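[1] Could you look at this predicted model? Sequence included:
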Amino acid sequence: MEKTPAQKIVVFLAYLRRFVLEIVIMFVVLTAALFWFAPDILGLMQNYLDQKLVFFGVVEPMTGLLKIASVCSLLIMAPWLSWRLAQGLNVVFGLSRRFVLVFATAGILLFYTGALFCLFVTLPFGMKFLLGYQSEEIKPVISLARFVSFTGFFILGFGLVFELPLFMIVMCRLGICSYRAFVRYRRYAILVIAILAAMLTPTPDIVNMGLMGIPLYLLYEIGIVVARMGQERPRKDKSTSPSA
């Protein structure tokens, strides 16, 4: 008896569970190695965003550097994680090797595009806006730990959110839904995108929300187009094939 899409997803998650230990070991090793470079990375981020930092606890410098090393570890591990997910789709769902290769490559490109977009566009703009409220009487005092958590969260968050079209394509390819469902619920998708933009951007103003919301909506439309092409191509192949 063939498994339903929901049952296949459960099997897929069980398959990925086997690699949790690998992920933990790689993350710990990378974090330990990158900890020695964390002060240099922190200095680059401070200069790039033009911020002077302070700390309020004895252990805050060490925890801040650990956070930097952890974020950098996840950024480095992104290609390997994308490949593992692609392998799981191939083994559990029987997808073609070509699709697996495209999935892994697209996942890497989308993740790094989102992270770089945040680093070079959203973060500088958001920081400038937030710190624009300072005056002669009110001066900002930014702690090291808050600065690292703030920047790390947004860089990783943007990278993950930019995977939206890939998620949509996989959902359609696995038969969980069709591209028509994404078209039908477009208005609700716009609402969800607006909420995500308000949550993930550093400031709630319309400009920063647009920096997140507009690219995300464009990615949603791209996901619909690619998913439609992927679903209609097999039908065309069947209709053009000679009958026995």
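    Sure, I can see it.
[2] Going by C-alpha atoms from here, please, whenever you check contacts or count neighbours.
    Noted.
[3] who touches the residue most central in space within the chain in this structure?
    Nearest to the geometric centre of the chain sits Leu160, at 1.0 Å (Cα atoms, centre = their mean). Contacts for Leu160 (Cα atoms under 8 Å, 6 or more residues apart in numbering) come out as Phe111, Gly114.
[4] From the chain's centroid, how far away is stretch 29-49?
    Put simply, stretch 29-49 sits 21 Å off its chain's centre (Cα atoms, centre = their mean, to the nearest Å).
[5] any low-confidence regions in this structure?
    In the predicted model of the chain, residues 1-8, 133-137, 202-205, 230-244 satisfy pLDDT under 70.
[6] can you pull out the helices in it?
    5-17, 20-34, 38-49, 60-93, 97-117, 123-130, 144-161, 164-173, 179-184, 186-200, 206-240 (DSSP state H).
[7] Excluding chain neighbours, what is closest to Tyr112?
    Gly159 (6.0 Å; Cα to Cα, 6 or more residues apart in numbering).
[8] I'd say that neighbour and Ile108 touch.
    No. Using Cα atoms under 8 Å, Gly159 is not in contact with Ile108, being 9.3 Å away.
[9] Between the two, which is the more surrounded one?
    Comparing Gly159 with Ile108 by other Cα atoms under 10 Å, the one with more neighbours is Gly159, at 24 against 19.
[10] returning to what we had before: who wins for proximity to Ile138 among the helices of the chain?
    With Cα to Cα, the closest approach to Ile138 among the helices of the chain belongs to helix 123-130: 12.9 Å.
[11] so what secondary structure elements neighbour the closest one?
    Helix 123-130 is packed against no helix or strand, with contacts defined by 3 or more Cα pairs under 8 Å, 6 or more residues apart in numbering; DSSP states H and E.
[12] to the chain's geometric centre, what's the distance from that helix?
    20 Å.
[13] list the buried ones in it?
    Burial within helix 123-130, assessed by neighbour count using 16 or more other Cα atoms under 10 Å, is assigned to Leu123, Phe125, Gly126, Met127.
[14] for stretch 69-83, same thing?
    Ala69, Ser70, Val71, Cys72, Ser73, Leu74, Leu75, Ala78, Pro79, Leu81, Ser82, Trp83.
[15] Nearest to Val183 among those?
    Ser82 (26.9 Å).
[16] Tell me who's in contact with Leu60.
    Quick fix: residue 60 is Glu, not Leu. Counted by Cα under 8 Å, 6+ apart, Glu60 has contacts Leu144, Ala145.
[17] and Val141, how many neighbours does it have?
    11.
[18] And it, how far from Met209?
    25 Å (Cα to Cα, to the nearest Å).
[19] Just give the closest residue to Trp83, not the sequence neighbours.
    Ala104 (5.2 Å).
[20] my bad, should have said Ile222
    Ile222 sits nearest to Pro165 (Cα to Cα, 6+ apart), 6.5 Å away.
[21] so how far is Arg97 from that neighbour?
    Taken as Cα to Cα, the span from Pro165 to Arg97 is 20 Å.
[22] Quick check on these two: which one has the bigger neighbour count.
    For Pro165 versus Arg97, the count of surrounding residues by other Cα under 10 Å is larger for Pro165: 25 against 13.
[23] my guess is that one meets Tyr220, correct?
    Yes. Between Pro165 and Tyr220 a contact is recorded at 5.8 Å, counting by Cα under 8 Å.
[24] So Gln46 is in contact with Asp40, correct?
    No. Assessed by Cα under 8 Å, Gln46 is found out of contact with Asp40, at 9.8 Å.
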